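Q: Okay, sequence plus prediction incoming.
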Amino acid sequence: MSEAAAMHSAVSSEESPLTPENWGKLGMWIFLAGDAMSFGGLIVVYGLLRYASSNWPVPSQVLGINLTAFMTFLLICSSVTMVLSLSAIQKDDMRGFKKFLLLTILGGIVFLGCQAYEWTHLITERLPEVGISFTNHLFGSTFFVLTGFHGLHVTGGVIYNACVLIACLRGRYQAKHVEIAGLYWHFVDLVWILIFTFVYLL
């Protein structure tokens with residue numbers, strides 16, 4: 001091979017960063033970009049309806065802020081354990097990887113349990129006390145659609161992480177697969193922080 005051909009080959013390889021190993025990460029980023037628009041649309045609609053309403057309830061008087069603050073803290077901690085699980089598998093520390101990814105999955109399950117309790121309490125007790133239902137106020141509809149859509153994502157993340165854990169322990173997945181799962185989990189956590197801020201606090 002001539003010197004010119006060798007230089008052209010080197011330049012071509014540098015200009016083509018997309019390798020088969022990167023397709024999974026690219027696919028996840030594309031999915032998250034579309035999902036971000038879905039959540040963004042729901043949050044914007046919630047904000048517009050709230051702004052246009054003359055009798056929108058004060059969140060702190062209806063919602064359980066303390067419980068939701070704990071749920072937010074739980075998801076933030078689960079993001080930390082997700083990072084630690086990736087770091088462990090990159091170091092071939094399968095014991096640490098298993099421990100931290102199990103903690104991530106457990107955090108998601110506890111979060112869903114708290115959300116189920118919150119929904120039950122709101123539907124059966126709190127909302128009827130203040131005269132709010134799905135049929136007579138947009139607050140109930142928008143709240144349950146927005147938090148429920150996020151809850152579905154957390155459920156998907158728990159199942160996804162569980163599948164990744166099993167596959168890695170069987171030697172079928174590698175650190176790059178854990179990194180892709182981590183992108184999804186961090187996105188879910190970030191979205192919840194936005195929901196907690198706009199729906200519960202403001």
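A: Received the coordinates, thanks. Bear in mind the structure is a predicted one, so any value in this text is a computation, not a measurement.

Q: Tell me which helix or strand comes right after the helix or strand hosting residue 72.
A: Using DSSP states H and E, residue 72 falls within helix 65-90. Per DSSP H and E, helix 65-90 leads on to helix 94-121 as the next helix or strand towards the C-terminus.

Q: For that following helix, could you pull out the residues that count as buried?
A: By 16 or more other CB atoms under 10 Å, the buried positions in helix 94-121 come out as 97-98, 100-101, 103-105, 107-108, 111, 114-115, 118. Bear in mind the C-beta positions are built from the backbone N, C-alpha and C, glycine included.

Q: what's the farthest-apart pair in these?
A: 97 and 118 (31.7 Å; CB to CB).

Q: Quick check: closest non-adjacent residue to residue 35.
A: In space, residue 35 comes closest to residue 187 once its chain neighbours are excluded; the distance is 7.1 Å by CB to CB, 6 or more residues apart in numbering.

Q: now swap in residue 77 and tell me
A: Per CB to CB, 6+ apart, closest to residue 77 is residue 107, 6.1 Å.

Q: Same check on residue 202?
A: Residue 202 sits nearest to residue 59 (CB to CB, 6+ apart), 7.6 Å away.

Q: Neighbours of residue 66, how many?
A: The number of residues packed around residue 66, counting by other CB atoms under 10 Å, is 8.

Q: can you check residue 145 too?
A: 13.

Q: How about the host helix or strand of it, which residues are buried there?
A: Per DSSP H and E, residue 145 falls inside helix 138-169. Residues 138-140, 142-144, 146-147, 150-151, 153-154, 157-158, 160-162, 164-165, 168 are the ones in helix 138-169 that count as buried (16+ other CB under 10 Å).

Q: Tell me which other helices or strands it touches.
A: Here helix 138-169 touches helix 23-52, helix 94-121, helix 175-195, going by 3 or more CB pairs under 8 Å, 6 or more residues apart in numbering; DSSP states H and E.

Q: So which of these is nearest residue 76?
A: Of all these, helix 175-195 comes closest under CB to CB, at 6.5 Å.
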